[in-house]
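Participant: dropping the sequence and predicted coords here.
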Amino acid sequence: MRKIGLVKRVIYYNFDYGEVRFKNKPLNLLFHFLDKIAINYADSTWYFSEYVISARKKRGILKKDKLSSQLVVPIGINFSKTKFLPLDSIDRKRIVYFGTLYWTQGVQLIIESLPDILKMDKDIKLVIIGSGVLERELKHMVKEKNLDGYVKFTGIISDEEAEKILSGSGIGVAPYFPDPHSTRIGSDPTKPKVYLSCGLPVVITRVPPIAEEIEKNKLGIAINYNKEELIAAIQRLINDSYFYEECRKNIFNFISKYDWEIVLGNAFKALYKLY
C-alpha cells in the first residue's frame, strides 16, 4: 500500500514478543521470519518495552539503519475516566483478580495462598473477574479447600460492572507465572494498568517490566512467584495503613502520565522527528 501510494507511513505496533512464540517449530520460524520483515520494512516499530528491542538486537534481526525508528510506546489509559474512590468507600480487605483464567496468569497461586491469608483475617474476600480454560479447575480448587464463602467468580461481565468492583476493592493481584517463553516478559500487560487506573495497589510477580516500576514507585509490591511472598505482600497492604495510603497517593501521580493522549502524543512527536 505504501509502494503504490495509498499510505505514506507504516507503523508496526508490536504488542508482545517471545523467543518461542509458538511451540510448533515451523510455525515459530515463520513467525520470526514475518516479524523480521515487518520490522525492517516498516517506517517505525512501536514496542511496549525496551526489553524487546534488546532481544531483537541480540537476535541480529535489526538493520543498523532501523535502530533509530524503534520506539517504546506503552499501554495507555483514559485518565479522565479513572475511578479513584475515597478510602472510606472501598473494601480494603477485598482482593481482586481481573483477566483471563489461564495457568500462565498465575490465578492458581492466589487460591493456593488464600487459606493462609484467611488465618490472619477471616473478613478477606477474593473476587475473580473473567473466564478461561482454567475456570473449572479453579472452581474445583476453591471447593476442595472449603473456600466457597470467600471466593466469588463473576465470569465475563461488562466494563462498567468490572470497574465498579475494581474501584471498590482494596488490592489488585497479577501473579504471572515466570514461564521463560512467556510473551509477558517483554510486554506491557493491561491488567496492572487497569488496577492502577482504579486506584488499586498492585501485588505483581517480577515477570513483566512494569513490575519494576510498581516496586520503584511504591505502587504496590513486586514479588517472586512464591506463595509465602504473596501472603506477606497481601498481609502488609492490609495491615500497614501508612504504606497502603502512600501507594494510593503515588498511583494517582504515576498513572496520569499514561493517559493515551500523552503516550500517543509523545510517540508521534518522535516519529515526526524521524521524517
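Facilitator: Received it, and whenever you're ready, just let me know what you need. Numbering: from 1, shown residues only.

Participant: quick one: Leu71 from Ala267, how far?
Facilitator: Using CB to CB, to the nearest Å, we find Leu71 at a distance of 6 Å from Ala267. All C-beta spots, glycine's among them, are computed from the backbone N, C-alpha and C.

Participant: now for the lowest-mean-pLDDT helix or strand in the chain, which elements pack on it?
Facilitator: Of all helical and strand segments in the chain, the minimum by mean pLDDT, DSSP states H and E falls on helix 50-59, at a mean of 77. Judged by 3 or more CB pairs under 8 Å, 6 or more residues apart in numbering; DSSP states H and E, the packing partners of helix 50-59 are strand 70-72.

Participant: in this protein, which spans are strands?
Facilitator: 11-14, 44-47, 70-72, 94-98, 125-129, 151-155, 171-174, 202-205, 220-223 (DSSP state E).

Participant: what's the average pLDDT for the third one?
Facilitator: Mean pLDDT, computed over strand 70-72, is 87.

Participant: so what touches that strand?
Facilitator: 39, 44-50, 53, 56, 62, 267, 270-271 (CB atoms under 8 Å, 6 or more residues apart in numbering).

Participant: could you do the second one as well?
Facilitator: When contacts are defined by CB under 8 Å, 6+ apart, strand 44-47 is touched by residues 9, 11-14, 17, 38-39, 53, 66, 69-73, 186, 267, 271, 274.

Participant: gap between Phe22 and Phe31?
Facilitator: Distance from Phe22 to Phe31, by CB to CB: 6 Å.

Participant: mind checking the longest helix of the protein?
Facilitator: helix 25-41 (DSSP state H).

Participant: tell me the mean pLDDT over that helix?
Facilitator: 88.

Participant: cool, and stretch 189-197?
Facilitator: 91.

Participant: cool, stretch 233-248 as well?
Facilitator: Mean predicted lDDT for stretch 233-248 stands at 96.
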